[in-house]
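Enquirer: For reference, the sequence and a predicted model appear below.
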There are 8 protein chains.
Amino acid sequence: MESVKSVLMVMGSPSDLPIMQEASGILDSFGVGYDMKITSAHRTPDMAAKMAKNARKDGYRVIIAGAGFAAHLAGAFAAHSTLPVIGVPLANSALSGMDSLLSTVQMPGGIPVATVGLDKAGAKNAGLLAVQILSISDDSLIAQLDEYRKSMQEKVHEANEKLVLQRDS
Amino acid sequence: MESVKSVLMVMGSPSDLPIMQEASGILDSFGVGYDMKITSAHRTPDMAAKMAKNARKDGYRVIIAGAGFAAHLAGAFAAHSTLPVIGVPLANSALSGMDSLLSTVQMPGGIPVATVGLDKAGAKNAGLLAVQILSISDDSLIAQLDEYRKSMQEKVHEANEKLVLQRDS
Amino acid sequence: MESVKSVLMVMGSPSDLPIMQEASGILDSFGVGYDMKITSAHRTPDMAAKMAKNARKDGYRVIIAGAGFAAHLAGAFAAHSTLPVIGVPLANSALSGMDSLLSTVQMPGGIPVATVGLDKAGAKNAGLLAVQILSISDDSLIAQLDEYRKSMQEKVHEANEKLVLQRDS
Amino acid sequence: MESVKSVLMVMGSPSDLPIMQEASGILDSFGVGYDMKITSAHRTPDMAAKMAKNARKDGYRVIIAGAGFAAHLAGAFAAHSTLPVIGVPLANSALSGMDSLLSTVQMPGGIPVATVGLDKAGAKNAGLLAVQILSISDDSLIAQLDEYRKSMQEKVHEANEKLVLQRDS
Amino acid sequence: MESVKSVLMVMGSPSDLPIMQEASGILDSFGVGYDMKITSAHRTPDMAAKMAKNARKDGYRVIIAGAGFAAHLAGAFAAHSTLPVIGVPLANSALSGMDSLLSTVQMPGGIPVATVGLDKAGAKNAGLLAVQILSISDDSLIAQLDEYRKSMQEKVHEANEKLVLQRDS
Amino acid sequence: MESVKSVLMVMGSPSDLPIMQEASGILDSFGVGYDMKITSAHRTPDMAAKMAKNARKDGYRVIIAGAGFAAHLAGAFAAHSTLPVIGVPLANSALSGMDSLLSTVQMPGGIPVATVGLDKAGAKNAGLLAVQILSISDDSLIAQLDEYRKSMQEKVHEANEKLVLQRDS
Amino acid sequence: MESVKSVLMVMGSPSDLPIMQEASGILDSFGVGYDMKITSAHRTPDMAAKMAKNARKDGYRVIIAGAGFAAHLAGAFAAHSTLPVIGVPLANSALSGMDSLLSTVQMPGGIPVATVGLDKAGAKNAGLLAVQILSISDDSLIAQLDEYRKSMQEKVHEANEKLVLQRDS
Amino acid sequence: MESVKSVLMVMGSPSDLPIMQEASGILDSFGVGYDMKITSAHRTPDMAAKMAKNARKDGYRVIIAGAGFAAHLAGAFAAHSTLPVIGVPLANSALSGMDSLLSTVQMPGGIPVATVGLDKAGAKNAGLLAVQILSISDDSLIAQLDEYRKSMQEKVHEANEKLVLQRDS
C-alpha cells in the first residue's frame, strides 16, 4: 500500500547509508512509510531527474536527499519537483562538510532546499522535519511528535538525576 | 478569516524587513495568508516562546523565522513547536552571514530547522518552501507552483533571445 | 548551605561532561560552590528558561553554559537572566566548533554572553573567569587567584629547568 | 571620586573610538564610572602591562579591551590582572574580524578573556556585560538592568504595532 | 559554419554576463567560435541537460559554465557530457564566492569539472583554458598562445620602465 | 612509442603517490600513456620549469600536477607551458587542503589552472579530465568515456538492488 | 652606489603599488636603499627566477615580494634565492586575501617565506621587518628602530591626552 | 662561548617541543647556536618581556617563537625587541591552527612578525629562515644553505629514479 510511502529518501552512494539510517530510523519509529534509493546527481542524472519528476504523482509528499562533496543531489531533486526537498549535507570530504553544506543550502532564488545540519544529527533532523511537514495534514503525527519531545525531555531529567547521584557518591 | 493565515513569519528586528519581504512577496503572489511579527529570541524570549507554543493551535501550518548574528530565532521557535520551521539566516554582521548560517542550520539532533540560503535569495526561497510544504495538502498550490516554475523558465528563454539579439546587433 | 553555590553550570548533554569538568575542577580547587545541570535550549526550553529566570534569586551569581553545534544554551540563559553568563563552545560537530563558537559569541546587541575558547581550554577558562568575576566582591578569591597564577609560573620555570637538563644530558 | 570608576576601558588606537563608544554609552546610561585609555599590546606593551597590573588596586573591577587584527590587547591585560577582562574584537582588517575574534577568544587554558561579538554589537554588549558583572555586588544595577530589558521589549512591541499599521494602510 | 563554434558558454543568469564577457573576449581575440546561452541547473534543468547531452554532436569541444551561489551548472553539464567542462564560480552571494567555489570544484569522483578562479580573473582564465585545450589539436592556436604570453610579458617590462621613470622624476 | 605518452603527471613529493595513483589508475584503464615525475616548484624550480617548457615538444598534451600546502606546482607548470594544466590540491597540511585548494585555483588572470577537487576524488577526476580533454581529438576515447559512465550507472543500479534486498530480508 | 640598495622589492602588478608603497615609505624613512620591480611568478617566471638567482650577488640582502590571489611570487623568489624573502599577501580577490595569505605562508618544509599580514599593515611591517633583519649587522639601524618605536609610543600618549581633553570638554 | 648562540627559541609549553625540534634540528645541522626556553605571553608575561628586552644585548640576532591557540608569543617578543622575530603557529586547538596562524601573522602596522607555516613544516622553515637571516652577515652560512638546497634537489632526483624502477618492475 503505497499511500504510507510518504517519503522518498535518496542518497548519492551506498556508503552514505550509515548516516542516512538516522533519518529512516526516525521514519520507522513514527510509522511513516518511505522508499530509499541510491541515485546521483552526477553519475545518474537522468535517473535522478526522472525520480524527482515522478515523485509527487508516485504519492510521495516529502523528499530527503543526502550527499557529500559538491552536494547537488538535493538541488537536482528540487529542480525537478515542487515537493518539499530536505537536503542533508554529508561531511565525507577533506573539508569536513563545509563544501556539502554550502552546496546544499546556498540555492539561488526560485528553487528552495530545506537544509538541515551535517551528518548524523542532520540526518536525524531530516527525518523529524519530514514528519513535521507531514503533520500539517495528519493529526496522528502531531500527537506522536509531542510524545517524542516529551521523551527527549525525560531523558534530560534522567540525566540530571544520574548526575546528582554521581556527585553525591 | 484566519484559515488562510497559514504562515507565521517572524523576524528579530524591523531592520530585517527589506530582506524578509522577499518571502512575504512570494506568499502574496500565491495567495497564501500570513502574519508578520517582530520578536527576538534574546530580547523577547517569552513572547517568542508563547507565539511558538500557540502557533499550531492558532492555525498556522508553517513558521518562517529570519535572524542575523548568532541567529537563534528559528531554533527557539523550533524548540517550542512541532510545526515545520523555516530559518532564514541574515548576513548583517561583520562575518557576512557565516555566523547566522551556522547558528541556524547546525541544530542538534531532535529539533530540526529547515534552513534556506542567506539574505534575499534565501528569504524568497523561504516563501517558496512554505508554499511547497502547504502544497502537500492543497492541490491548488501545486498548479500555481507549476505555473511559477514555467514563468521562471520563460524568463530564461527571453533572456536567451535578448542575448542573441545583442550579439547580432 | 547554598550561599556558597555561587555558580550555576549547565550543559546541553551528559556527553559534554568530560569537557565541562575542566570548569568544575577549577571551581572545586578554589572552593567555589556550584550546581551542575543538564538542560537544553532546544529539547527542554522551558526548563532552561525557568532555571535562568530563577538563577539570581536562587543565589547564583555567575552562570556557565556549555553547548555544541548551533550552541544556543548560553544565549538562552542570557536572554532570561541579567547575571553574567559565560558561554563555552564545544567542538563536537563536523565543523570543529566553528559553528558553536559563532553561535555563542556573535550575540546581537543587548544580550551579552561572555564567550571563552573551545573545549577543554575554554571550559577551564570558564571556571577561572567565574572565579575572577566573583573576586570583585570576595577578597579571599583574589589571593587564591594570585596563588594560582604563581603556580602556573612555577610550572614554566620547572619546565625550563627540565629542558636544560635534557639538552645537557 | 574614583569609587565610581569601576571600569577601565582600553583600545589599541583612537580610530577604534567610534566602535568603543557603544560600550561607554551603555556605561554612561547606567551611571557606571569608567576611564578610557588608548594603549597597545604591541606598540606600548609596558604601558599596557603597568595599567593592567595596577588596575585592581586602582579600584577598577572590570576591564574592557577593544582591538583589531591579531588582537592581543585583551589577552595582554588578562595576563597581568586577575580582574575579569572583556575582549571586543574589531573587524578592521581585510579578514572582517575573523582574525581579531580568534585572537581574542582562543586563549590558552589559565588566562581567560570574556569575549563578546565583533564591532558595534559586541562593544555594546561589552558595556552591558560589565554592568552585569558589577551587578553581582551592586543591587541598584539589577533594577536598572531589568529596566533596560523591559525597554528593549517595549521597542519590539512598538515595532510590531508599527508593522501592523503599515500592512493595514 | 558551426565548425568554428568550438566552445559552448553557458551561465545561470543574464546578470552574470559582465563577468563572463571576460571569457568571450578572450575567445574573440583568439578567433575561437562560441555560442553563449543562459540556462540554469535549477530553473531550467531539462534545457541544461539537453544542451549538455547534445554538445558534442553539435560540434562543441569545450564547455564553459559560470554560476554563483550553490553553483551546480558546471556539474550539471559535466554529468550529461564527456566534453571537458570548465567551471567559473561567481562571487555574487553574501559568502563572497566560497559557496560557488566549493560547489564547483569539490565534484565527487567520476565527473570532473575543470574549475578556474572566482569572477573576472577566473572567467578570463576559462577563456584561455578553453583555447589551451583546443590547442592540443590546433597548431595555429599554439602560436597565438605564445604571442599572448609574450604580450603579457611586454606589459610587465613596460610597467617596469614606467616605474623607473616615476621614481626618477 | 612515446606518441601514447599523452600525459605528464608531476607531484611534489613521493608521499603524494598514493593519492596521485587514483589519476594514473584512470589513465591506465583508458590506455592513455603517461610519464610520472617527482618535481617541486620550490625545491627543484629549474627542473620543474624545464620540464614544463619542454612538455609540448616532448609530445605531451595534458599536464597533471598534484601538490599540497601552498601548492604552486600546477601554477609553475602553467607559467611555463601553454598546454592545459590540471591541478590536484592535496589535503596534507593542518588546514585540510583549504591552503592547497586556494593556492591552486585562485590563479591571476592570464595563466589558467584547471583545478579539480581535493585528494583521491580530485586525483581520479584529474585522470578523467585528462581523458576528456584528449577525447576532443581522439574518437576512441569518447566511446570509452561513454562506457565508463555506463559502468558507473550500473553500479548505482546494483547498489539499489542490493538495498532493496537488505530491506526485504 | 648600489651598496645601499639592500632591499629588492617586487610585486606582481603595477596595481599593487599603492599598497607596497607602505613598505618603500618605511625604507625611505630609515634611509635603506632598495630597488622596486614589477615581475610575476606566472606571467614572467623566467624574469622572476633570474632576478631571484642574482639577488644576492647583486648585493641585495633582503627580498620583499607582494602578490595577491594564489600568491606565488614570494615562494618563487624563495625557491631561487637563499636570501630572506618577506611575503606580503594582498587582499585583492573576492576572497579578501585568505587565498593570498595561505598561498604565501603555507610553504612546504625547506623553502621558508617570512610572511607578514595582509595589505597596508602587512606592507608597512614588511618594510620594518627588512630593516630589523638588516639591523643584525648594521648598528645604526638599531638606534633608528628604537627611535621609531619611541615615536609610536609618543603618538599613543598624545592620543590619550587628546581623549582626556575631549571627555573633559 | 655565547657568540655562537645567535638564536633565541621560545615556546609556550613543553608540549610544543616535538614540533619546535624541527627548528632546532635545522640550527644544529647548520652549526648555529641557540638557546631554547619555555615562556608564555599569558602565564609568564614579565619573564617573556624581560627575555625579549634583553635579547639583543644578550647577543641573540634572531628570535623564533612557537605558540598555539590565540598565539601571542611571537607578537609579545616583537613588541619588546627590534630583532627579527619568527613566529611559528601551532595547530594544537580544535580550529586546526587557523586561530594561531591569524593571531601570529595579522600583526598591526608597526610591529612585524615573520610568520612561517603551521606545525612541523613551519618549524623547520623557521630554522631555515633564521639561518638565511644570519647569512646576510655570515658568508659561511651561504655555502651551507647552497649545500642544503642541493641535497634537497638530490633527494628529488633519487625519488624519481626509484619511481622509474617501481614502474619498470
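Expert: Nice, thanks for sending it over.
Enquirer: Let's check: the centremost residue of chain A is which one?
Expert: Closest to where the C-alpha atoms of chain A average out (Cα atoms, centre = their mean) is residue A:126, at 2.7 Å.
Enquirer: touching chain F at all, the one helix or strand it maps to?
Expert: Element membership of residue A:126 [criterion: DSSP states H and E] is helix A:119-134. No - using Cβ under 8 Å from any Cβ of the partner chain, helix A:119-134 stays clear of chain F, coming no nearer than 15.9 Å. All C-beta atoms are positioned from the backbone trio N, CA, C, and that covers glycine.
Enquirer: Check the spacing between the closest residue to residue A:46 other than its chain neighbours and chain C real quick.
Expert: In space, and not counting its chain neighbours, residue A:46 is closest to residue E:49: 7.6 Å by Cβ to Cβ, 6 or more residues apart in numbering or on different chains. Distance, residue E:49 to chain C, by Cβ to the nearest Cβ, to the nearest Å: 32 Å.
Enquirer: How many residues are close by residue E:49?
Expert: Residues lying near residue E:49 (other Cβ atoms under 10 Å in any protein chain shown) number 22.
Enquirer: Using PDB, list the CA coordinates for the helix or strand containing it.
Expert: For residue E:49, the element it lies in under DSSP H and E is helix E:45-54. Extracted C-alpha coordinates of helix E:45-54, given in PDB (Å, rounded to 0.1, in the frame of the first residue of the first chain):
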ATOM      1  CA  PRO E  45      17.200  21.700 -15.700                       C
ATOM      2  CA  ASP E  46      15.800  19.900 -18.800                       C
ATOM      3  CA  MET E  47      17.100  22.600 -21.100                       C
ATOM      4  CA  ALA E  48      20.500  22.400 -19.500                       C
ATOM      5  CA  ALA E  49      20.500  18.600 -19.700                       C
ATOM      6  CA  LYS E  50      19.500  18.700 -23.300                       C
ATOM      7  CA  MET E  51      22.200  21.200 -24.200                       C
ATOM      8  CA  ALA E  52      24.800  19.200 -22.400                       C
ATOM      9  CA  LYS E  53      23.800  15.900 -24.000                       C
ATOM     10  CA  ASN E  54      23.900  17.400 -27.500                       C
END
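Enquirer: after that helix, next one along is what?
Expert: Downstream of helix E:45-54, the next assigned helix or strand under DSSP H and E is strand E:62-67.
Enquirer: picking that back up, the residue nearest to residue A:46 and residue A:104, how far apart?
Expert: Distance of residue E:49 to residue A:104, computed by Cβ to Cβ, to the nearest Å: 20 Å.
Enquirer: One more: residue A:132?
Expert: Distance from residue A:132 to residue A:104, counting by Cβ to Cβ: 19 Å.
Enquirer: what residues does chain A put near chain C?
Expert: So far as Cβ under 8 Å from any Cβ goes, chain A lies against chain C at A:91, A:96-98, A:117-119, A:121, A:149, A:152-153, A:156, A:159-160, A:162-163, A:167.
Enquirer: Please enumerate the helices of chain A.
Expert: Secondary structure of chain A (DSSP state H): helices located at A:17-29, A:45-55, A:73-80, A:98-105, A:119-134, A:139-168.
Enquirer: Buried only: go through the residues of chain A next to chain C for me.
Expert: Neighbour counting with 16 or more other Cβ atoms under 10 Å in any protein chain shown marks A:91, A:96-98, A:117-119, A:121, A:149, A:152-153, A:156, A:159-160, A:163 as buried within the residues of chain A next to chain C.
Enquirer: quick one, what contacts the residue in chain A positioned nearest to chain H?
Expert: Residue nearest to chain H within chain A (Cβ to the nearest Cβ): residue A:96, separated by 9.4 Å. Contact partners of residue A:96, counting by Cβ atoms under 8 Å, 6 or more residues apart in numbering or on different chains, are C:94-96, F:96.
Enquirer: Return the member of the residues you listed nearest to chain A.
Expert: For those, the nearest to chain A is residue C:94 (3.7 Å; Cβ to the nearest Cβ).
Enquirer: The closest one against residue A:91, yeah?
Expert: Yes - counting by Cβ atoms under 8 Å, residue C:94 does reach residue A:91; the two are 3.7 Å apart.
Enquirer: okay, and the common contacts of those two?
Expert: Any residue near both residue C:94 and residue A:91 by Cβ under 8 Å, 6+ apart counts here, and that gives A:97, A:118-119.
Enquirer: Look through chain A and state the residue closest to chain C.
Expert: At 3.7 Å from chain C, residue A:91 is the closest residue in chain A, using Cβ to the nearest Cβ.
Enquirer: If you drop the residues flanking it in sequence, what lies closest to that residue?
Expert: Of all residues not flanking residue A:91 in the chain, residue A:97 sits nearest, at 3.0 Å (Cβ to Cβ, 6+ apart).
Enquirer: likewise residue A:135?
Expert: Residue A:135 sits nearest to residue A:141 (Cβ to Cβ, 6+ apart), 3.9 Å away.
Enquirer: give the contact list for the one you found.
Expert: A:30, A:32, A:131-132, A:134-135.
Enquirer: List the residues that contact the residue of chain A closest to chain C.
Expert: Residues counted as contacts of residue A:91 (Cβ under 8 Å, 6+ apart) are A:68, A:97, A:100, A:118-119, C:94.
Enquirer: cool, and residue A:153?
Expert: For residue A:153, counting by Cβ under 8 Å, 6+ apart, the contacting residues are C:43-44, C:47.
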